[in-house]
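Chemist: Here's a sequence, model it:
(2 chains)
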Amino acid sequence: MRRRITLPLLSIAAVTASLFVAVVPASAHGYISSPPSRQANCASGAVANCGDIVYEPQSVEAPKGSKQCNGGGSRFTVLNDTSKNWPVATVGQSVTFNWVLTARHSTTTWEYFIGNTLLASFNDGGAQPGATKSHTVSMGGFSGRQTVLARWNIADTVNAFYACVDLNIGGGGTTTPPTTTPPTTPPTTTPPTTTPPPASGTWAAGTAYVPGSLVTYGGLSYRCRQAHTALAGWEPPNVPALWERV
Amino acid sequence: MRSALLVVVMILAGCGSAPAEQHNSTDVMFLQMSLEYIAQGDRVAEPSAQRAGDARVRVLTAELHEQWARESTQMRGWLGDWKQPVEADPDTGVHAGHGDLHSLRASDIAELTAAKGDDFDRTAVNMLLGHLHNVVQVARMEATGGRDPRAKALAEAMTATRQEQIRRLLTLQAAATMGS
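Modeler: Model prediction:
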């Protein structure tokens, strides 16, 4: 009896598997995580009301050749919206762009533009990228508030993936970032499993907070959105995912 | 095409299911693929929990490892209840038809293992982000196409938890390279 049930179910799994494979890959590929691209700023919560892009910042895919942040077309037009208050990263003349890849497509080129100026093009000659991808690009003398458009051109499709990065470019050669060496917190490997009552008072590293916990930090009040153990660097104003202003 | 296949799936499900069966093939695929993704993700999370220079990365990856252990116990349990294998048929699973594009490869793990210092953290965070986005895609597929209420609830909880972890990783990433 059991056996008769199992076989049809397995074939169903097979049918759906092929269905699934045919449907899902349309939606997953890559974007720039740092300096944060517009879709990264949506997915991190730095910019609100971006729509579905928060679930798939990697999916800004459109035919090659566009100069628009969403690659043209009707999807993810929020990325073209200059009235949004896109955060601007302060950089020097040399900027390293880091990509998050969710599918490792064979690649022709990676291109970086400011306006119509091609800043750099990296030719991968059809190779598959590795686990991650980084490019260091000279800003070519541009300065001040600029938007860099990056295009990842796929070798075996007509499409590219698009990412816009908002920058404030300083002069000079290399910028040394303010070294944000994390404070030497002893390695906590297991977060405490107990749930203490909602803490209150001043935010403090090492405290376990639960949703609803109220704290003050820098003279402002915050409510915890997500259970976590506080660490230096996760101060309430820095991590909107964990704390909301009240 | 898609709806035709769905009809076939529903007919088959109708023939094959005992009355108590409340799951569909999407539930099965979700659990099988998620187990595979958990195994892959742990190959990034485990070294990261040990080696990351940034304590926040160590904590987050230790947290992921613990959550994945809990989730995979549930997933295996349900697949067992349904008499389904914990691994998809290799011809029809994660790897079929898409050439492993969405999977972490041995060479990716080797790249991480070889990375040192800041490079290790940067590689780990960007690999994890890519991986978690793939995980969320599968969970969202289940939330809309699944049938078993427990599996759907798990998928929704996973989506919320992973999205929050993605937000934290992206916030770290934005701060780490600001100005570089």
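Chemist: What count of nearby residues applies to residue B:106?
Modeler: Residues within reach of residue B:106, counting by other Cβ atoms under 10 Å in any protein chain shown, total 8. All C-beta spots, glycine's among them, are computed from the backbone N, C-alpha and C.
Chemist: Contact partners for residue A:224?
Modeler: Residues near residue A:224 by Cβ atoms under 8 Å, 6 or more residues apart in numbering or on different chains: A:198, A:209, A:210, A:211, A:212, A:213, A:214, A:215, A:242, A:243.
Chemist: State the pLDDT value of it.
Modeler: Per-residue pLDDT puts residue A:224 at 85.
Chemist: can you check the one 4 residues further on too?
Modeler: As summarised for this prediction, residue A:228 has a pLDDT of 77.
Chemist: Neighbours of it, how many?
Modeler: Neighbourhood size, residue A:228 [other Cβ under 10 Å]: 24.
Chemist: now do residue A:52
Modeler: If you count neighbours by other Cβ under 10 Å, residue A:52 ends up with 12.
Chemist: So for it, what's the pLDDT?
Modeler: Each residue has a pLDDT score; the one for residue A:52 is 93.
Chemist: List the residues that contact the nearest residue to it once chain neighbours are set aside.
Modeler: Closest residue to residue A:52 apart from its sequence neighbours, by Cβ to Cβ, 6 or more residues apart in numbering or on different chains: residue A:76 at 7.9 Å. Counting by Cβ under 8 Å, 6+ apart, residue A:76 touches A:39, A:51, A:52, A:53, A:59, A:60, A:70.
Chemist: Looks to me like residue B:26 is in a helix.
Modeler: Yes. The assignment for residue B:26 is a helix, going by DSSP: H, G, I helix; E, B strand; the rest coil.
Chemist: Residue A:206 versus the closest residue to it other than its chain neighbours, what's the distance?
Modeler: Spatial nearest neighbour of residue B:26, chain neighbours left out: residue B:145 (4.1 Å); criterion: Cβ to Cβ, 6+ apart. Look at residue B:145 and residue A:206: by Cβ to Cβ, to the nearest Å, they are 42 Å apart.
Chemist: same question, residue A:130
Modeler: Per Cβ to Cβ, residue A:130 is found 37 Å from residue A:206.
Chemist: And the two? Which one has more around it.
Modeler: Between residue A:130 and residue A:206, counting by other Cβ under 10 Å, residue A:130 is the more crowded of the two (16 against 11).
Chemist: Low-confidence regions, chain A specifically.
Modeler: Flagging of chain A using pLDDT under 70 yields the residue ranges A:1-28, A:171-199.
Chemist: for stretch B:29-44, what is the average pLDDT?
Modeler: For stretch B:29-44, the mean pLDDT works out to 95.
Chemist: still on that earlier bit, quick one: which of the contacts of residue A:76 is nearest chain B?
Modeler: Chain B lies nearest to residue A:59 out of these, by Cβ to the nearest Cβ, at 8.9 Å.
Chemist: isn't that closest one right up against residue A:29?
Modeler: Yes. Using Cβ atoms under 8 Å, residue A:59 makes contact with residue A:29 at a distance of 6.6 Å.
Chemist: Residue A:44 and residue B:167 touch, don't they?
Modeler: Yes. Residue A:44 lies in contact with residue B:167 (Cβ under 8 Å); the separation is 5.2 Å.
Chemist: Just give me the neighbour total for the residue nearest to residue B:26.
Modeler: Residues near residue B:145, counting by other Cβ under 10 Å, number 20.
Chemist: returning to that earlier point: can you pick out the residue with more neighbours from residue A:59 and residue A:29?
Modeler: Ranked by neighbour count (other Cβ under 10 Å), residue A:59 and residue A:29 place residue A:29 first, with 27 against 21.
Chemist: quick one, what contacts that one?
Modeler: Contact analysis of residue A:29 by Cβ under 8 Å, 6+ apart lists A:58, A:59, A:61, A:101, A:102, A:103, A:105, A:152, A:161.
Chemist: Name all residues that make contact with the third one.
Modeler: With contacts taken as Cβ under 8 Å, 6+ apart, residue A:61 has the following neighbours: A:29, A:71, A:159, A:160, A:161, A:162.
Chemist: What is the nearest of those to chain B?
Modeler: Among the contacts of residue A:61, and counting by Cβ to the nearest Cβ, the member closest to chain B is residue A:29, at 8.7 Å.
Chemist: right, and residue A:235 touches residue A:202 too?
Modeler: No. Here residue A:235 does not reach residue A:202: they are 11.1 Å apart, not a contact under Cβ under 8 Å.
Chemist: With neighbour numbers in mind, choose between the two.
Modeler: Applying other Cβ under 10 Å to residue A:235 and residue A:202 shows that residue A:235 carries more neighbours, namely 17 against 10.
Chemist: Just give the nearest non-adjacent residue to the more buried one, would you?
Modeler: Nearest in space to residue A:235, with sequence neighbours left out and distances taken as Cβ to Cβ, 6+ apart, is residue A:217 at 5.9 Å.
Chemist: Give me the phi and psi angles of the one you found.
Modeler: Per-residue torsions, residue A:217: phi -150, psi 130 (degrees, to the nearest 10).
Chemist: measure it to residue A:43 for me?
Modeler: Plainly put, residue A:217 is 24 Å away from residue A:43 if you go by Cβ to Cβ.
Chemist: which residues does the closest residue in space to residue A:241 that isn't next to it in sequence contact?
Modeler: Distances taken as Cβ to Cβ, 6+ apart place residue B:167 nearest to residue A:241, at 3.7 Å, with adjacent residues excluded. Contact analysis of residue B:167 by Cβ under 8 Å, 6+ apart lists A:43, A:44, A:45, A:240, A:241.
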